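Student: okay, predicted coordinates and the sequence, questions at the end:
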Amino acid sequence: MSESQNIEWKRSWHDDYLKWVCGFANAVGGIIFIGKDDNGLVTHLEDYRSLLEAIPNKIREHLGIIAEVNLHQENGAHYLEIIVPAYTVPVSLRGRYYYRTGSTKLELTGNALNEFLLQKSGKTWDNVPEAGATFTDIDANSVQVFIKHAERSGRMPDVSDLSTEELFEKLRLTDDGILKRAAIILFGKDPNRFYPNVMVKIGRFGTDDADLRFQETEEGNLIQLLKSVPNQLNHKFFTKQIDFEGMQRVEKGEYPVAALREMLLNALVHRTYMGSMAQMRVYDNKLTLWNEGNLPEGMALESLKRHHISRPRNPIIADICFKAGYIDSWGRGTLKIINSCKEAGLPEPAITALDGGILVSLFKDKYSIEQLKSLSLNERQITAVEYVKANGKITNKDYQSINEISDATASRDLKALTELGILKISESKGAGTFYEFV
């Protein structure tokens, strides 16, 4: 047995360990062993009798919960076992909330604390009524756009005879006539009047993040952003316009439409709306989109590259987007991004955790230096690939010349490039064997 999400070992007791008890209670429960070292070996607890009485009292007094404390003995050495159940209500220690994730204890603050408290109350952020909002804050045109798309998707019955109030009630966007947060995010005239950073910032960068050439910011509700962000990309950021209406088209020289649409939808549907704005960066050879919000508990980044269960952060927003035909409800969004890039002959997108959010990166150039380095190519091979980009082909003699190496080394490097599927033999002539891109 080793330390894990629900196992912790401590040589002796300190009152500071009440934080660990609190973390277990707020997560999935767990066991703390007092009198064991970092390897799980019993070290003996001299004051086990007094602690057997004191620890349960401290837990009850400071946390307001009950934990089972048991005394054990192994080869004459005593240790304590503190069994902490998971609690359905939030548990705090002196007004602070702790949470056990992996083998670490985290103090919950800010957005993480808000989401935790909502989850414990059985609600999500988008399901909370917004008392300061009225139907005068709703953009009628955005509602009509949604109705048009929902009718086209066939995922919602005819609602043309319903008033906006009746439609929102049907869509669970109101609570006793009060608009929920989801209604403002989806259809609000000015969502930023209620919540910060309901926008997408787009920057055009050069060779690195320090080389910012220009930027634009798109504001509005989710329905509006789904149109304005692609329009802005076409207007100012892409060298060749993309038809975003044709979801399955592959635009040569740019990025797959399906990948861009899914990236934007994922960022708008699953983001933390009380955090930072979504941020898109357009470089010469790649495009990235970051949105704040970590993956759900128990979901790893690797799961996004395969079939996974859909667990939306904002289920009401996700349901409306499903009804409009923007997304499905099977957790296939990231798979669409990956597969559309593969079909376009582009490198596999990168999905990483960064600064409390998720960063998705699309790569335009299959043979960019960044991609080549990820394949563990040596500097000679990277130089050769750049040579093929400029000249279309390369021979063994060319390879020797540009790298100042022997024939044997050149042959070995070129063979490795063909085995990796980067180069192929195009023809053999008197001057030698020619290699070109696959």
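Tutor: Structure's in. What do you need? Numbering: from 1, shown residues only.
Student: which residue ranges make up the domains of the protein?
Tutor: According to automatic domain parsing, the chain comprises the domains 7-108, 117-364, 369-437.
Student: show me where the chain has helices.
Tutor: Taking DSSP state H as the test, the helices found in the chain are 18-26, 48-63, 110-120, 140-153, 164-170, 181-187, 222-232, 257-270, 315-323, 333-343, 369-374, 379-391, 396-403, 407-419.
Student: gap between residue 37 and residue 45?
Tutor: Counting by CB to CB, to the nearest Å, the separation of residue 37 from residue 45 is 12 Å. Where you see a C-beta, it was placed from the backbone N, CA and C, and this is true even at glycine.
Student: again with residue 70
Tutor: Taken as CB to CB, the span from residue 70 to residue 45 is 12 Å.
Student: right, and residue 387 touches residue 403 too?
Tutor: No - using CB atoms under 8 Å, residue 387 is not in contact with residue 403, being 9.5 Å away.
Student: which phi and psi does the closest residue to residue 183 other than its chain neighbours have?
Tutor: Residue nearest to residue 183 in three dimensions, not counting chain neighbours: residue 173, with 4.1 Å by CB to CB, 6 or more residues apart in numbering. Main-chain dihedrals, residue 173, degrees, to the nearest 10: phi -100, psi 0.
Student: how far is stretch 124-137 from where the chain is centred?
Tutor: Centroid separation for stretch 124-137 versus its chain: 26 Å, with CA atoms, centre = their mean, to the nearest Å.
Student: what sits up against that stretch?
Tutor: 114-115, 118, 164-165, 174-176, 178-185, 188-190, 193-194, 272-274, 313-317 (CB atoms under 8 Å, 6 or more residues apart in numbering).
Student: which of residue 37 and residue 45 has more neighbours?
Tutor: residue 45 (23 against 12; other CB atoms under 10 Å).
Student: quick one: contacts for that one?
Tutor: Contacts of residue 45 (CB under 8 Å, 6+ apart): 12-13, 34-35, 51, 77-80.
Student: mind checking the end-to-end distance for stretch 115-126?
Tutor: 10 Å (CA to CA, to the nearest Å).
Student: give the rounded mean pLDDT of it.
Tutor: Averaging pLDDT along stretch 115-126 gives 88.
Student: next, the buried residues of that stretch.
Tutor: Buried residues in stretch 115-126, counted by 16 or more other CB atoms under 10 Å: 115-116, 124-126.
Student: same question, stretch 270-284
Tutor: Here stretch 270-284 shows 270-273, 275-283 as buried, counting by 16+ other CB under 10 Å.
Student: which of these fall in strands?
Tutor: Using DSSP state E, the subset of those located in strands is 278-282.
Student: just those now: which is nearest residue 331?
Tutor: Of all these, residue 331 sits closest to residue 278, with 20.0 Å by CB to CB.
Student: I'd say the closest one and residue 198 touch.
Tutor: No - using CB under 8 Å as the test, residue 278 is too far from residue 198 to be in contact (9.3 Å).
Student: now for those two: what residues contact both?
Tutor: In contact with both residue 278 and residue 198: no residue, using CB under 8 Å, 6+ apart.
Student: elements contacting the lowest-mean-pLDDT helix or strand in the chain?
Tutor: Sorting the helices and strands of the chain by mean pLDDT, DSSP states H and E puts helix 369-374 at the bottom, at a mean of 75. Judged by 3 or more CB pairs under 8 Å, 6 or more residues apart in numbering; DSSP states H and E, the packing partners of helix 369-374 are helix 379-391.
Student: now do residue 229 against residue 350, distance only.
Tutor: For residue 229, the distance to residue 350 - CB to CB - is 21 Å.
Student: neighbour count for the two, which is higher?
Tutor: It is residue 229, of residue 229 and residue 350, that has more neighbours when counted by other CB under 10 Å, with 25 against 16.
Student: so who does that one touch?
Tutor: 200, 202, 218, 264, 280.
Student: just give me the neighbour total for the third one.
Tutor: When neighbours are counted by other CB under 10 Å, residue 218 registers 20.
Student: how near is it to residue 200?
Tutor: 5 Å.
Student: which residues do these two both contact?
Tutor: In contact with both residue 218 and residue 200: 225, 229, using CB under 8 Å, 6+ apart.
Student: nearest residue to the middle of this protein?
Tutor: residue 358 (3.1 Å; CA atoms, centre = their mean).
Student: excluding chain neighbours, give the residue nearest to it in space.
Tutor: residue 291 (6.3 Å).
Student: same thing with residue 366?
Tutor: residue 347 (5.5 Å).
Student: same thing with residue 29?
Tutor: residue 86 (3.8 Å).
Student: check residue 17 too.
Tutor: Closest to residue 17 by CB to CB, 6+ apart is residue 10, at 6.1 Å.
Student: and the pLDDT for the one you found?
Tutor: Reading off the model, residue 10 has pLDDT 93.
Student: neighbours of it, how many?
Tutor: So residue 10, with other CB under 10 Å, has 20 neighbours.
Student: cool, the one 4 residues further on as well?
Tutor: Each residue near residue 14 was counted by other CB under 10 Å, and the total is 10.
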